[in-house]
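Visitor: The following block contains a protein sequence and its predicted model.
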Amino acid sequence: DIQMTQSPSSVSASVGDRVTITCRASQGISTWLAWYQQKPGKAPKVLIYGASNLQSGVPSRFSGSGSGTDFTLTISSLQPEDFATYYCQQANSLPWTFGQGTKVEF
Amino acid sequence: EVQLVESGGGLVKPGGSLKLSCVVSGLPFSPAWMSWVRQAPGKGLEWVGRMKSKGGGGTTDYATAVKGRFIISRDDSQNTLYLLMNSLQIEDTALYYCAWIPKCSDGACYLDRWGQGTLVTVSP
């Protein structure tokens, strides 16, 4: 199975900050990577697919980049509604796998 | 209105079985791939498995932890996805989500729409 490792596991930030989350795959996955946001008690929501494609309706302050084994999710200017847990997920090889999550908190 | 509604969760003893359902409305179901994802209490997301559309072959694939115990099926006439869970173990305790996959090509394959989940508790 491909291991997806996110860093950091948690990040303390303030409104207006630029936040970057990294996801590393244990082997190359091309651009078969998606990013999800999950708020407490809610289902996950896709933000980015194909490593860098912004899902419709997602604010442009979210962006994704990377290919192969190293990927980043960037929030350019953190907003109050962005405090949540973020997950990466690979779909290059079966079984699909998620990263362990990164919690963005105050 | 788009809805994915899971049901069938509950309390079951180790070694028991349970069948979950996910009814989809407001989205094209028969051409879509579908997936199950679970989340143990206080933990991260874990992919359980997925089923391709019948037109795409209707094949299923599973996570290592559930392969041989869980079976995914679908009834396109009812816009319903199922997850049959056998030989349940305490570590299968989780909130189980179904998710709709709109695209799986050109380097992009993602879980676009999710239900709210159904809770499965495995306890003696």
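Guide: Arrived safely.

Visitor: contacts, neighbours, all on C-alpha from now
Guide: Will do.

Visitor: Can you list the strands that the helix or strand bottoming out on mean pLDDT in chain B pairs with?
Guide: Least confident helix or strand of chain B, by mean pLDDT, DSSP states H and E, is strand B:104-105 with a mean of 85. Applying DSSP bridges, strand B:104-105 is found paired with strand B:108-109 (antiparallel).

Visitor: For the closest residue to chain A within chain B, which non-adjacent residue is closest in space?
Guide: Proximity to chain A, evaluated over chain B using Cα to the nearest Cα, is greatest for residue B:108 at 4.2 Å. Distances taken as Cα to Cα, 6 or more residues apart in numbering or on different chains place residue A:50 nearest to residue B:108, at 4.2 Å, with adjacent residues excluded.

Visitor: what's the pLDDT at that neighbour?
Guide: Predicted confidence (pLDDT) for residue A:50: 95.

Visitor: what's near enough to touch it?
Guide: Shown in contact with residue A:50 (Cα atoms under 8 Å, 6 or more residues apart in numbering or on different chains): A:31-34, B:107-109.

Visitor: swap in residue A:61?
Guide: Residue A:61 is in contact with A:74-77, counting by Cα under 8 Å, 6+ apart.

Visitor: And for residue B:123?
Guide: B:11-14, B:90.

Visitor: Return the closest of the contacts of residue A:50 with respect to residue A:69.
Guide: If you rank these by distance to residue A:69 using Cα to Cα, residue A:31 comes first, at 9.0 Å.

Visitor: Verify the stated contact: that closest one with residue A:51.
Guide: Yes. Contact criterion Cα atoms under 8 Å: residue A:31 and residue A:51 qualify, at 5.1 Å.

Visitor: Are there residues contacting both of those two? Which ones?
Guide: By Cα under 8 Å, 6+ apart, the residues touching both residue A:31 and residue A:51 are A:66-67, B:108.

Visitor: center of the chain, which residue is that?
Guide: Just so you know, I chose chain A. Taking Cα atoms, centre = their mean as the criterion, residue A:35 is the residue nearest the geometric centre of chain A, at 3.8 Å.

Visitor: not what I meant, chain B
Guide: residue B:36 (2.5 Å).

Visitor: Name the helix or strand for that residue, please.
Guide: strand B:33-39 (DSSP states H and E).

Visitor: if I pick the spatially closest residue to residue B:29 that is not a sequence neighbour, what's in contact with it?
Guide: Distances taken as Cα to Cα, 6+ apart put residue B:79 closest to residue B:29, at 5.8 Å, once the chain neighbours are dropped. Taking Cα under 8 Å, 6+ apart, we find residue B:79 in contact with B:23-25, B:29-30.

Visitor: any idea which of these is closest to residue B:85?
Guide: Relative to residue B:85, the closest of the contacts of residue B:79 is residue B:23; by Cα to Cα it sits at 17.5 Å.

Visitor: if I pick that closest one, what's in contact with it?
Guide: The contact partners of residue B:23, by Cα under 8 Å, 6+ apart, come to B:3-6, B:78-81.

Visitor: Spell out which parts of chain A neighbour chain B.
Guide: Residues of chain A lying close to chain B (Cα under 8 Å from any Cα of the partner chain) are A:30-34, A:42-46, A:49-51, A:87, A:91-92, A:94-101.
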